[in-house]
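>>> This is a predicted model, with the sequence first.
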There are 2 protein chains.
Amino acid sequence: MNRAKVTAETGSSIILIERMFNASRDKVFAAMTQKDKLERWWTGPGHTNRIVHLDVRDGGSWHFIQTSENGHEFSFHGSYHMVSPEMTIQTFEFDGLGERGHVAMEKLELTDAGNGTTKLQVTSTFFSVADRDGMLHSGMEEGMQQTYDRLEEVLKEDV
Amino acid sequence: MNRAKVTAETGSSIILIERMFNASRDKVFAAMTQKDKLERWWTGPGHTNRIVHLDVRDGGSWHFIQTSENGHEFSFHGSYHMVSPEMTIQTFEFDGLGERGHVAMEKLELTDAGNGTTKLQVTSTFFSVADRDGMLHSGMEEGMQQTYDRLEEVLKEDV
């Protein structure tokens, strides 16, 4: 099983993530932008994911709500700055923090790595080192590993 | 004349800006979100500013083109993550860099500072220290000082 490599230098407000997938770039991009696929992988273990709003285009926006087995809801939303298989840039906010403004901007780059594999590189930047560290300490890394494993499964199923 | 205070720590990917304006928060917010006012101040000296697209709302987007006296065009665009007088978060890209992806995310906070004055705090974050330093070395600071001086003039005119 592939693991995502996470780099977060001390004192920086940036997180770098790199992960290989056993699928073509077009398939990975489809899984990241299509409602029926996002519902299947973009969620925590045992959670369901409801796509409240999804307008995947330059200047569009998105809103997803995950629901845990015991009924707790976790809402996330953001805006798309640009969308393409090569590079997608979007904002990201978890709506359960009690105050607004702790927003990240994410750059997702997909590169054909040969033999039907694709490299995903994610650059996340925050408004402060404290916001970045808050994300790191939220259990984000383990959740992300499991989420990317589910994405890999969805890519296998959709032959 | 007020001057903006710019803070950019070495090795950080963040720029902090602070500037006082002699107008109420509602007036400053109006000048930052209304087409006729943006056309008058959001531009370089001797440049005109054409508002190609302006959809000021959570999930909206914007596109402005400045034209210099000798006819050169400078295009900028971005998406709004959230919009309110207290806090506006948006992405920002200069379209003349030759490659995509050097995007900033800006948080603009307006605070009533008493006696009819308003404090503007801008936090800009970039995908790398190099992107941040590129913005700093582009002459952004002097241009910004002149642009904020024009905003102050527009606020005076609109009694």
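Structure received.
>>> measure the residue sitting nearest the centre point of chain A to A:T33 for me?
Among the residues of chain A, the one closest to the centroid is A:W42, at 7.2 Å (CA atoms, centre = their mean). Distance from A:W42 to A:T33, counting by CB to CB, to the nearest Å: 11 Å. The C-beta positions use only the backbone N, C-alpha and C, and glycine is treated the same way.
>>> Show me whatever sits in contact with both of those two.
Shared contacts of A:W42 and A:T33, defined by CB atoms under 8 Å, 6 or more residues apart in numbering or on different chains, are absent.
>>> host element of the residue lying farthest from the centre of chain A?
Using CA atoms, centre = their mean, the residue of chain A lying farthest from its centre is A:N115. It sits 24.1 Å away. If you go by DSSP states H and E, A:N115 is not part of any helix or strand.
>>> Also A:H77?
For A:H77, the host element (DSSP H and E) is strand A:73-82.
>>> Get me the contact residues on chain A for chain B.
Proximity of chain A to chain B (CB under 8 Å from any CB of the partner chain) is limited to residues A:11-14, A:55, A:58-61, A:78-82, A:87, A:89, A:91, A:93, A:100-101, A:103, A:105, A:107, A:123, A:125-128.
>>> Could you write me a ChimeraX select line covering just the buried ones among the residues you listed?
Buried residues among those (16 or more other CB atoms under 10 Å in any protein chain shown), as a ChimeraX selection:
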select /A:12,13,14,59,60,61,78,79,80,81,82,87,89,91,93,101,103,105,107,123,125,126,127,128
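>>> Strands - which of the residues of chain A next to chain B land there?
A:14, A:61, A:78-82, A:87, A:89, A:91, A:93, A:105, A:107, A:123, A:125-126 (DSSP state E).
>>> tell me the two of the residues you listed that are most distant?
Farthest apart among these by CB to CB are A:I14 and A:S61. That separation is 23.4 Å.
>>> What helices and strands are in contact with the strand holding A:H77?
For strand A:73-82, the elements it packs on are strand A:61-67, strand A:87-94, strand B:73-82, strand B:87-94, judged by 3 or more CB pairs under 8 Å, 6 or more residues apart in numbering or on different chains; DSSP states H and E.
>>> ok, longest helix in chain A?
helix A:140-157 (DSSP state H).
>>> Now do A:W62 against B:K27, distance only.
33 Å.
>>> can you check A:I51 too?
On the measure of CB to CB, A:I51 and B:K27 end up 39 Å apart.
>>> ok, the two, which is more surrounded?
It is B:K27, of A:I51 and B:K27, that has more neighbours when counted by other CB atoms under 10 Å in any protein chain shown, with 18 against 15.
>>> Over to the more buried one: give its phi and psi.
phi -70, psi -40 (degrees, to the nearest 10).
>>> go on, the one 3 residues further on?
The phi and psi torsions at B:A30 (degrees, to the nearest 10) take the values phi -60, psi -40.
>>> so the closest residue in space to it that isn't next to it in sequence, which of the three states?
Leaving aside its chain neighbours, B:A30 sits nearest to B:K37 (6.5 Å; criterion: CB to CB, 6 or more residues apart in numbering or on different chains). Secondary structure for B:K37, judged by DSSP: H, G, I helix; E, B strand; the rest coil, is helix.
>>> residue contacts, the closest residue to A:L108 other than its chain neighbours?
What sits nearest to A:L108 in space, not counting adjacent residues and going by CB to CB, 6+ apart, is A:T88, at 4.5 Å. By CB under 8 Å, 6+ apart, the contact list for A:T88 reads A:32-33, A:80, A:82, A:107-108.
>>> ok, those residues vs chain B, which is closest?
A:K107 (5.6 Å; CB to the nearest CB).
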